[in-house]
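Peer 1: below: sequence and its predicted model.
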Amino acid sequence: MKVTYDKQISHSITKPKIAVIYTHFPHYRSAVFEAMSHSASYDYVFYYDPAGIEKTVASGPAAENHYPLTVRIWRGIMWQGGSISLARNPAFDGFIFLGNPFILSTWLAALLARQRGKPVYFWTHGWLRHETNAKAWLRRRFYRLADALMVYGARARTIGKAEGFDPASIHVIGNSLDYGAQKQAREAALANPDAKDDELPDKPFFLTVSRLVESVALDEAIAAMAQLSSGAALLVVGAGPKREALEAQAEALGVDVRFLGAIYEEARLAPLFLGARAVVSPGKVGLLAMHALAYGTPVITHDNLDRQMPEVEAIEPDVTGAFFRHGDVSDLARKMTTFLEYSEETRAAGRAAAIARIEERYTPDAQLAAITRALDTMIK
């Protein structure tokens, strides 16, 4: 795609201009992109395909400093020709690319930008586990195209160091959701504790919020419910192809599992999070950890870090959540029982610790500060 820049780009007098090049604009990035747009240090311009790259990864709304950049896809391989034109453009002082090695155009665009002496950063999960296969080789080769990486978690930085990368070039920037909206919904719900909510059961309950697919392993949570000695319910927010099978499992075991369907409004989610003894995520936990902890709700998930997402690092055992042995339903039930037995004082302390954890590291403002520090190492 040919991109014209006459109206899009003008040199900033006071702030270095940074091109942020994504294939799409995920809705959960909206808050941090907005924070970046108001940065006092850098002038960010965002490029992505407004159509998204697939129906489950749709783009968010465009803003004044957002511009279209078409993506072409063939069998999982992506090409963004406009990024190569951007890499040549003298208006930019640095580049942040989505760090996906299957975007072939990024290989060339990153090389062109570096040849021109412009710093290149890859925004990426980084390493989730130690790898030894061909994909590991490809990842190493791709990451070395960048001057620096911006990764979600400290574990990725540790593994990257073991892979031979300079740890000073791996910047942990965390992840975030729209904490402002969550805080507003949380405070509104807490200010009106007597408000009637028909979705809340009249007994202790756990919560999960996820698309109902195999990888979520929600069947383990339902099986664990059958091993709880005290009466409790499990509320399930989400839709997906596994719902019918999970409903049948709950009915066969005679446990109280309530399927509420997909809910997106924070005002409806707030009382669910605030009332839950814990959020249960038997499979890998990602942004759900951010969402739950923003309401002060602890998170229970499995302990196999090689099968987890970076956001799991926000969970501190016995403070902001708990880990059960991967695949061990009985251990999951024991961890759930612990949260049923907590006193109100213990729950209040845990809620305060969870919210403090989010506000320290996992808000859009905290993420912007980390991105700024990363860019400062090479640009400022």
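Peer 2: Sure thing, it's come through. Quick caveat, the model's predicted, so the values are computed rather than measured. Numbering: from 1, shown residues only.
Peer 1: quick one: pLDDT of the residue most central in space within the chain?
Peer 2: Note on the chain: the residue nearest the mean C-alpha position is L287, at 3.9 Å, using C-alpha atoms, centre = their mean. Note for L287: predicted pLDDT of 93.
Peer 1: and if you look at S12?
Peer 2: 44.
Peer 1: repeat that for D6.
Peer 2: pLDDT, D6: 43.
Peer 1: heads up, I number from 24, so please use that
Peer 2: Fine by me, first position is 24 from now on; the one you just mentioned is D29.
Peer 1: L258 and L283 touch, don't they?
Peer 2: Yes - assessed by C-beta atoms under 8 Å, L258 is found in contact with L283 at 6.1 Å. Every residue, glycine included, has its C-beta placed from N, CA and C.
Peer 1: what sits in contact with each of these two?
Peer 2: Shared contacts of L258 and L283 (C-beta atoms under 8 Å, 6 or more residues apart in numbering): E222, L295.
Peer 1: between those two, which is the more surrounded one?
Peer 2: Counting neighbours by other C-beta atoms under 10 Å for L258 and for L283 shows that L258 has the greater number, 21 against 15.
Peer 1: residue contacts, the more buried one?
Peer 2: Counted by C-beta under 8 Å, 6+ apart, L258 has contacts E222, P224, F228, F229, L230, T231, R281, L283, L295, A299.
Peer 1: mind redoing it with 10 Å?
Peer 2: By C-beta atoms under 10 Å, 6 or more residues apart in numbering, L258 lies in contact with 222-224, 228-232, 279-283, 295, 298-299, 302.
Peer 1: are any of these buried, and if so which?
Peer 2: L223, F228, F229, L230, T231, V232, V280, F282, L295, G298, A299, V302 (16 or more other C-beta atoms under 10 Å).
Peer 1: what are the boundaries of the helices in the stretch 224-373 of the chain?
Peer 2: 241-248, 266-276, 289-298, 310-317, 352-364, 367-384 (DSSP state H, counting those that start in this stretch).
Peer 1: for A191, which of those is the nearest?
Peer 2: When the helices of the stretch 224-373 of the chain are compared by C-beta to C-beta, helix 367-384 sits nearest A191, at 19.9 Å.
Peer 1: just the buried residues of that closest one, please?
Peer 2: For helix 367-384, by 16+ other C-beta under 10 Å, it's R370, G373, R374, A377, I378, R380, I381, R384.
Peer 1: ok, now stretch 135-155?
Peer 2: Buried-residue list, stretch 135-155, by 16+ other C-beta under 10 Å: 135-137, 141-151, 154.
Peer 1: P124 contacts A169, correct?
Peer 2: No - P124 is beyond contact range of A169, at 11.1 Å (criterion: C-beta atoms under 10 Å).
Peer 1: which one of these two has more residues nearby?
Peer 2: Looking at P124 and A169 with other C-beta under 10 Å, you find the greater number of neighbours at A169, namely 23 against 17.
Peer 1: which one is the more buried one nearest to, not counting chain neighbours?
Peer 2: F145 (4.3 Å; C-beta to C-beta, 6 or more residues apart in numbering).
Peer 1: who's the one you found bridged to?
Peer 2: F145 forms beta bridges with F120, L172, as assigned by DSSP bridges.
Peer 1: how about the helices of the stretch 224-373 of the chain, which one is nearest W160?
Peer 2: helix 310-317 (29.2 Å).
Peer 1: pLDDT below threshold where in this protein?
Peer 2: 24-36, 78-81, 83-84, 218-219 (pLDDT under 70).
Peer 1: and G117, what does it touch?
Peer 2: Residues counted as contacts of G117 (C-beta under 10 Å, 6+ apart) are 39-43, 65, 136, 141-144, 170, 398, 401-402.
Peer 1: quick one: which of those sit in helices?
Peer 2: A136, L398 (DSSP state H).
Peer 1: between P124 and A169, which contacts overlap?
Peer 2: With C-beta under 10 Å, 6+ apart as the test, P124 and A169 both reach F145, T147.
Peer 1: ok, now how distant is the closest residue to R137 other than its chain neighbours from A169?
Peer 2: Closest residue to R137 apart from its sequence neighbours, by C-beta to C-beta, 6+ apart: V143 at 5.4 Å. V143 sits 5 Å away from A169, going by C-beta to C-beta, to the nearest Å.
Peer 1: please enumerate the shared neighbours of those two.
Peer 2: F118, I119, F120, T129, A133, A136, R137.
Peer 1: return the distance of the fifth one relative to I44.
Peer 2: So that's A133. 10 Å.
Peer 1: list residues touching both of the two?
Peer 2: Each of S106, A110, F118, F120 lies in contact with both A133 and I44 under the rule C-beta under 10 Å, 6+ apart.
Peer 1: so which of the residues you listed are in helices?
Peer 2: Using DSSP H, these in helices are S106, A110.
Peer 1: wait, doesn't I402 sit right on G140?
Peer 2: No - taking C-beta under 10 Å as the definition, I402 is not a contact partner of G140, at 11.4 Å.
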